[in-house]
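Visitor: structure here, sequence nowhere to be found:
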DNA sequence: CGCCAGGTGGGAT
DNA sequence: ATCCCACATGGC
């Protein structure tokens, strides 16, 4: 257990060294603002959003990015923001049909419009956008359109809860590394990270962001192993070289 | 072109 | 419980 934990930490540090700080979660509304880059990523040390608008933007993004490239999500968030839709109450005033038009670029727009309405209904309740009194994981999972990954993204990135986010990239990368065989459930994969990493939102945040970056740069659907920072501990690389 | 992208819900088996 | 499919745009 201890040695495996050290291996995980070592992997984390390797990725951290290779890709640098990631500054997640991106807030497109903050693009170009002081301390943010043109994509709305933080520069330097990350801080969780202090405003309800910021936290709700993360919630919107977490839903809109389901099985969708982030660039398409950025456009949708931009359209929503320009329409003045930044807080839950405002979403409740707008029919799903209209919402769907704003978020067209993010794909699955009819479904996602419905999901945004469901989220708006919950987060319009007093205090629900405050970290002190945010909804539980169970509350979030009961929402139509919010599954485990989306719930955990909201808990970690909007509210700073120590919950590790498991996505398709996590399974792909750690599957190739030889840690998982592909049969594990979401909760089993998550449990492994909870067991082997320090239970700190900071670490979970950065690890997940690094996983996404690594999946994009090297551990793609068709792997690009040349220059991979963790190839030496990778079963797939060993087997294919 | 076809594949892929920070999934989820619902229905069939 | 698990498998299969619909949902949809945009970039490479």
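Guide: Done, it's in. The shown structure was predicted, so the numbers you read here are calculated from the model rather than taken from an experiment.
Visitor: C-terminal to the helix or strand hosting residue A:11, what's the next element?
Guide: Element membership for residue A:11, per DSSP states H and E: helix A:2-19. Sequence order places helix A:52-64 as the next helix or strand after helix A:2-19, per DSSP H and E.
Visitor: identify the residue nearest the residue of chain A found nearest DNA strand C in space, chain neighbours excluded?
Guide: Residue nearest to DNA strand C within chain A (Cβ to the nearest atom of the strand): residue A:107, separated by 2.5 Å. Where you see a C-beta, it was placed from the backbone N, CA and C, and this is true even at glycine. Leaving aside its sequence neighbours, residue A:107 sits nearest to residue A:68 (Cβ to Cβ, 6 or more residues apart in numbering; 5.0 Å).
Visitor: okay, that neighbour: pLDDT?
Guide: pLDDT for residue A:68: 98.
Visitor: now do the SS call for it.
Guide: At residue A:68 the chain is in coil, as set by DSSP: H, G, I helix; E, B strand; the rest coil.
Visitor: now do the helix holding residue A:11: distance to the chain's middle.
Guide: Helix A:2-19 has its C-alpha centroid displaced from the chain centroid by 20 Å (Cα atoms, centre = their mean, to the nearest Å).
Visitor: over to stretch A:183-200?
Guide: Stretch A:183-200 sits 16 Å away from the centroid of its parent chain (Cα atoms, centre = their mean).
Visitor: give me the buried positions along that stretch.
Guide: Buried residues in stretch A:183-200, counted by 16 or more other Cβ atoms under 10 Å: A:184, A:189-190, A:192-193, A:196-197.
Visitor: per-residue pLDDT, the closest residue to DNA strand B within chain A?
Guide: Using Cβ to the nearest atom of the strand, the closest approach of chain A to DNA strand B is made by residue A:147 at 2.5 Å. On pLDDT, residue A:147 comes in at 98.
Visitor: the helix holding residue A:11 vs DNA strand B: in contact?
Guide: No. Helix A:2-19 stays clear of DNA strand B (Cβ under 7 Å from any atom of the strand), getting no nearer than 13.5 Å.
Visitor: what helices and strands are in contact with that helix?
Guide: Here helix A:2-19 touches helix A:186-196, helix A:201-217, going by 3 or more Cβ pairs under 8 Å, 6 or more residues apart in numbering; DSSP states H and E.
Visitor: got the angle for the shortest one vs helix A:2-19?
Guide: It refers to helix A:186-196. Relative orientation of helix A:186-196 versus helix A:2-19 (axes from the mean of the first three to the mean of the last three Cα atoms, to 10 degrees): 90 degrees.
Visitor: sorry, back to before: quick one: which of the helices and strands packed on helix A:2-19 is nearest residue A:83?
Guide: With Cβ to Cβ as the measure, helix A:201-217 is the member of the helices and strands packed on helix A:2-19 nearest residue A:83 (28.2 Å).
Visitor: show residues contacting that closest one.
Guide: The contact list for helix A:201-217 (Cβ atoms under 8 Å, 6 or more residues apart in numbering) reads A:12, A:15-16, A:18-19, A:21-24, A:46, A:48, A:156-157, A:160-165, A:167, A:169-170, A:172-173, A:193, A:197, A:224, A:229-230.
Visitor: redo that, cut-off 6 Å
Guide: A:12, A:15, A:19, A:22, A:24, A:156, A:160, A:162, A:164-165, A:169-170, A:173, A:197 (Cβ atoms under 6 Å, 6 or more residues apart in numbering).
Visitor: cool, stretch A:72-90 as well?
Guide: Contacts for stretch A:72-90 (Cβ under 6 Å, 6+ apart): A:28-29, A:53, A:61, A:64-65, A:91, A:102-103, A:105-106, A:120, A:123-124.
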